[in-house]
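1. Can you look at this prediction? I've put the sequence above it.
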Amino acid sequence: MGPKLGRVLLWQFGIAIIIALIAVLVGGRPSGISSLLAGLSCVVPNVIFFVGLFLAQKIFRKIIPATFFVMEFVKIALSIVLMFLVFWLYQDVKWVAFIVSYILVLKSYIFLLSKSKS
């Protein structure tokens, strides 16, 4: 863990912003906001996951498998909570923009990690 994962998180955030800008152009302001909130619902839990692993590595001098599973559970639970909060607090959610943005940001790490190996 280190700078490469930090770059992946920054790229995910950048991709979320780019997708939100495209959504604004295609579907208007509500689509852009929905898209940005979806991206944040994906990026924020990932940041917390990686910070948790980083802190555990610093404290225990290694990554304990239990820490990974606990942080993965926290990431998934937080992602679900954030999605519910978006749907509860933002009444003008555009479903297509939200779901497309969430999936693209969620899966962008595959491209980013494969790019960093080459």
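-> On my side now, so go ahead.
2. Next, work out how far apart Ile15 and Gly28 are.
-> Remark: distance between Ile15 and Gly28 (C-beta to C-beta, to the nearest Å) = 21 Å. Every C-beta, even on glycine, is put in place using the N, C-alpha and C of the backbone.
3. the more surrounded of the two?
-> More crowded of Ile15 and Gly28, by other C-beta atoms under 10 Å: Ile15, with 20 against 13.
4. which residues are contacting the helix or strand where the more buried one lies?
-> Per DSSP states H and E, Ile15 falls inside helix 3-27. With contacts defined as C-beta atoms under 8 Å, 6 or more residues apart in numbering, helix 3-27 is touched by 31-36, 38-40, 42-43, 46-47, 50, 94, 96-97, 100-101, 104-105, 108-109, 112-113, 116.
5. now stretch 66-74, how far from the centre of its chain.
-> In terms of C-alpha atoms, centre = their mean, to the nearest Å, the centre of stretch 66-74 is set 16 Å apart from its chain centre.
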